[in-house]
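Novice: My questions are about this predicted structure, shown below with the sequence.
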Amino acid sequence: MKNNFVQKAYEVAKERYAAAGIDVEEALKALQKIAISIHCWQADDVTGFESIGNLGGGGIQATGNYPGKARNIEEIRQDIEKVLTLVPGSHRLSLHAIYGDFQGKSVDRDAIEPTHFSSWMQWAKEKNLKLDFNSTSFGHPKSGELTLANPDKSIRDFWIEHTKRCRQISEEMGRFQNDPCIMNLWVHDGSKDLTVNRLKYRQILEQSLDNIFTIEYKNMKDCLEAKLFGIGFESYTVGSYDFYLGYGAKKQKIVTLDTGHFHLSENIADKISAILLFTPEIMLHVSRPIRWDSDHVTILSDEVMELAKEIVRADALDRVHVGLDYFDASINRLGAYTIGIRATQKAFLQALLEPIGKLREYEGNGQYFERLALIEETKSLPWGAVWDYFCLENDTAIGEDIITDIQQYEKEVTSKR
Ligand code: RNT
Ligand code: ZN
C-alpha cells in the first residue's frame, strides 16, 4: 500500500523537478554512488576490544548509558549489519585501531598487525563494505597529554610505531578490498592551561609525521584531523586547524574536517572550495556539535545541507570522502546510526536536486533577487518523495518505518544484552 503512494508521489515529483529543469534520475544515480564511511565507534561508545579496558580520556567523551551497547566483535558486526538494512546504498565502515580482533589476547598498540584485522576484512567483503581506518592515540596508559608531540622520545616512538603499523594495516585493507583505505590520524595532544612551548610541540609533531609518512603506500590514503580543543585540553591543541591545513597543503595529504572541531559559528561548507585548491582530497567527519564538540547524532541541519551543496557545487564528489563521527550513548545506538546516515544522504540528495545551472546564470547576470528566490523556492520542491522512492528502490525502510524496525531489533536483540 505504502509502496504505491511512494511510487505515485515519485512520478509527480519527477515531473515537478523536470519543470524546474532538474533530472531526478541523474540525481539518484549520483546519490547511489555516495558511500558513507560509517564510524564503528557509535556501536559501543568508543570502547573497543583491547584487554586493557576502556580508559577514556583524550578529550572525548560519550555521555549516556542507554542499554544494549555492543560488547564484543560479534555484537558490533550484528548491529552494523542491521543498520545496513535500514539505509539505502552501499557504504564503508571506519574502524579504529582498538577494534582489532585480538581474540582476548593483550596486544599493545605498538604491536598491532594486519592479521588482527583479517576477520574484519573477510567480514566486510562478505557484506559488500569497504573499510577505512583510524589510529588510536587516546585511552592508553601512554596517552597522557602528548603522544606524537611528546618531547619524551620513548613515548613518542611508541606512538610513531603505532601509527606506522596503522598505515601498514590500512595498506593491507586497501589491497584486500581493491579500493584505497582512508586512514585518519587524530591525536588529542594538547594542554589544559597556558602553554609556553607551543612552537616546540608543533615542531615535534611535524617531525613525527614526516617520520610516519616516509613509506609511500599505494592502497591507502592518509588524512589528518585537526581540532579546536578537547575536554581537559582547553588552552592548546598541537594539531590545530592551521597546523594540519599547512601540513596537508605542503605535503599533499588529505585534510579531515570534523564539523564539530571549529568555532561554532564557523562555516565548514565554505572551506571545501578553498582547501581543494591546495590539497588532493578532503575527508569529512559529519557530526553535530551542540555548544561544543559534543558529537550529537547528525541530523538534516542547515549546516549539513550547506556542506553537501558546496561539495556538489564544487563538482567535488570524487574528491571528498564522507564519513560520520558522533557517539551518543543516550539513545538507541542503532537508531543513532540510522538517523545520521540517512540525514547525510538526504542532504546530498537535496544538493543533487538543486537547479544549479539556473542559479549560476542568475548570479552571473547579477540577478540576486532571482538567485535568492530560486534558492528559497527550491527548498519546498518535493525532494521527500524522491527520497522515499530511493529507499523503495534500495529495498530499505521508508520514512518512519525505521522506528518500528529498530524497536523490533531492540526487543529481540539489544534489550537482551
Ligand atoms: C575527536 C575526533 C576523532 C574521534 C574518533 C573517535 O574529537 O573527532 O575523530 O572522534 O577518532
Ligand atoms: Zn572526528
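Specialist: Happy to help now that I have it. Ligands and ions are numbered 1, 2, ... in the order given.
Novice: nearest residue to the closest residue to ligand 1 within the stretch 101-250 of the chain other than its sequence neighbours?
Specialist: Minimum separation of the stretch 101-250 of the chain from ligand 1 (C-beta to the nearest ligand atom) falls at W186, amounting to 4.4 Å. In short, each C-beta sits where N, CA and C put it, glycine included. Leaving aside its chain neighbours, W186 sits nearest to E225 (3.9 Å; criterion: C-beta to C-beta, 6 or more residues apart in numbering).
Novice: Report the buried residues of the longest helix along the chain.
Specialist: Longest helix in the chain by number of residues (criterion: DSSP state H): helix 153-177. Of the residues in helix 153-177, 155-156, 158-177 count as buried by neighbour count, 16 or more other C-beta atoms under 10 Å.
Novice: Show me what the helix or strand hosting D79 is in contact with.
Specialist: Here D79 sits within helix 73-85, counting by DSSP states H and E. Outside helix 73-85, the residues that touch it by C-beta atoms under 8 Å, 6 or more residues apart in numbering are 38, 40, 43-44, 49, 70, 91, 93, 99, 101, 119, 123, 127, 129, 333-334, 337-338, 341, 396-397, 405, 409, 413-414, 417.
Novice: Of those, grab the buried ones for PyMOL.
Specialist: This is the PyMOL syntax for the buried subset of the contacts of helix 73-85, where burial follows 16+ other C-beta under 10 Å:
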select buried, resi 38+40+43+44+49+70+91+93+99+101+123+129+333+334+337+338+341+396+397+405+409+414
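Novice: you'd agree the residue nearest to W186 is up against H188?
Specialist: No: when contacts are counted by C-beta atoms under 8 Å, E225 is not listed as touching H188 (10.5 Å).
Novice: quick one, which of these two is more surrounded?
Specialist: Each of E225 and H188 has its neighbours counted (other C-beta atoms under 10 Å); H188 has more, 25 against 21.
Novice: who touches the closest residue to ligand 2 within the stretch 101-250 of the chain in this structure?
Specialist: Closest approach between the stretch 101-250 of the chain and ligand 2, counting by C-beta to the ion: E225, at 5.5 Å. By C-beta under 8 Å, 6+ apart, the contact set of E225 is 184-186, 239, 244, 256, 258, 261, 283, 285.
Novice: Quick one: mean pLDDT for the helix holding D79?
Specialist: Mean pLDDT, helix 73-85: 98.
Novice: the strands in the protein, which residues?
Specialist: In the chain, the segments counted as strands under DSSP state E are 36-39, 92-96, 130-134, 181-185, 190-191, 220-225, 236-237, 254-258, 282-286, 288-290, 292-296, 320-324.
Novice: need these in CSV with mean pLDDT, can you?
Specialist: Output for the strands of the chain, formatted as CSV (pLDDT from 0 to 100):
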stretch, mean pLDDT
strand 36-39, 98
strand 92-96, 98
strand 130-134, 98
strand 181-185, 98
strand 190-191, 98
strand 220-225, 98
strand 236-237, 98
strand 254-258, 98
strand 282-286, 98
strand 288-290, 97
strand 292-296, 96
strand 320-324, 98
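Novice: how about a markdown table for the ones you listed, with distance to V312 added?
Specialist: Output for those, formatted as a markdown table (distance: least, C-beta to C-beta, whole Å):
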| stretch | distance to V312 |
| --- | --- |
| strand 36-39 | 15 |
| strand 92-96 | 20 |
| strand 130-134 | 22 |
| strand 181-185 | 20 |
| strand 190-191 | 35 |
| strand 220-225 | 21 |
| strand 236-237 | 31 |
| strand 254-258 | 16 |
| strand 282-286 | 13 |
| strand 288-290 | 21 |
| strand 292-296 | 25 |
| strand 320-324 | 10 |
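Novice: can you list contacts of stretch 92-103?
Specialist: 35-41, 46-51, 73, 76, 80, 107, 109, 112, 116-120, 124, 129-136, 139, 162, 166, 169, 182, 184, 323.
Novice: for ligand 2, what are the nearby residues on the stretch 151-300 of the chain?
Specialist: 258, 285 (C-beta under 5 Å from the ion).
Novice: how about 6 Å then?
Specialist: Neighbours of ligand 2 within the stretch 151-300 of the chain, by C-beta under 6 Å from the ion: 225, 258, 285.
Novice: neighbours of the residue of the stretch 301-417 of the chain found nearest ligand 2, just the number please.
Specialist: Nearest residue of the stretch 301-417 of the chain to ligand 2 (C-beta to the ion) works out as D325 at 3.7 Å. By the measure other C-beta under 10 Å, the count of residues near D325 is 27.
Novice: Can you give me the distance of the nearest residue to it once chain neighbours are set aside to N134?
Specialist: Using C-beta to C-beta, 6+ apart and skipping residues adjacent in sequence, the residue nearest D325 is H285, 3.5 Å away. Distance, H285 to N134, using C-beta to C-beta, to the nearest Å: 10 Å.
Novice: Please apply the same query to W383.
Specialist: For W383, the distance to N134 (C-beta to C-beta) stands at 33 Å.
Novice: more crowded one of those two?
Specialist: The neighbour comparison of W383 against N134 (other C-beta under 10 Å) goes to N134, with 26 against 21.
Novice: doesn't I182 make contact with the more buried one?
Specialist: No: between N134 and I182 there is no contact under C-beta under 8 Å: 9.3 Å.
Novice: how about the helices of the stretch 201-350 of the chain, start to end?
Specialist: In the stretch 201-350 of the chain, the helices defined using DSSP state H, counting those that start in this stretch lie at 241-251, 269-275, 302-313, 333-352.
Novice: if you compare the ones you listed, which one is most tucked away?
Specialist: Mean neighbour counts were compared across the helices of the stretch 201-350 of the chain using mean count of other C-beta atoms under 10 Å; the top stretch is helix 333-352, at a mean of 24.
Novice: That one vs ligand 1: in contact?
Specialist: No: using C-beta under 6 Å from any ligand atom, helix 333-352 never reaches ligand 1; the gap is at least 13.3 Å.
Novice: so for that helix, what's the average pLDDT?
Specialist: The average pLDDT for helix 333-352 rounds to 98.
Novice: any idea of the angle that helix forms with strand 282-286?
Specialist: If you take axes from the mean of the first three to the mean of the last three C-alpha atoms, to 10 degrees, helix 333-352 sits at 130 degrees to strand 282-286.
Novice: Is helix 333-352 positioned near ligand 2?
Specialist: No: Helix 333-352 lies out of reach of ligand 2 by C-beta under 6 Å from the ion, never closer than 13.0 Å.
Novice: for N219, what are its contacts?
Specialist: When contacts are counted by C-beta under 8 Å, 6+ apart, N219 touches 170-175, 180-181.
Novice: Done for today, thanks.
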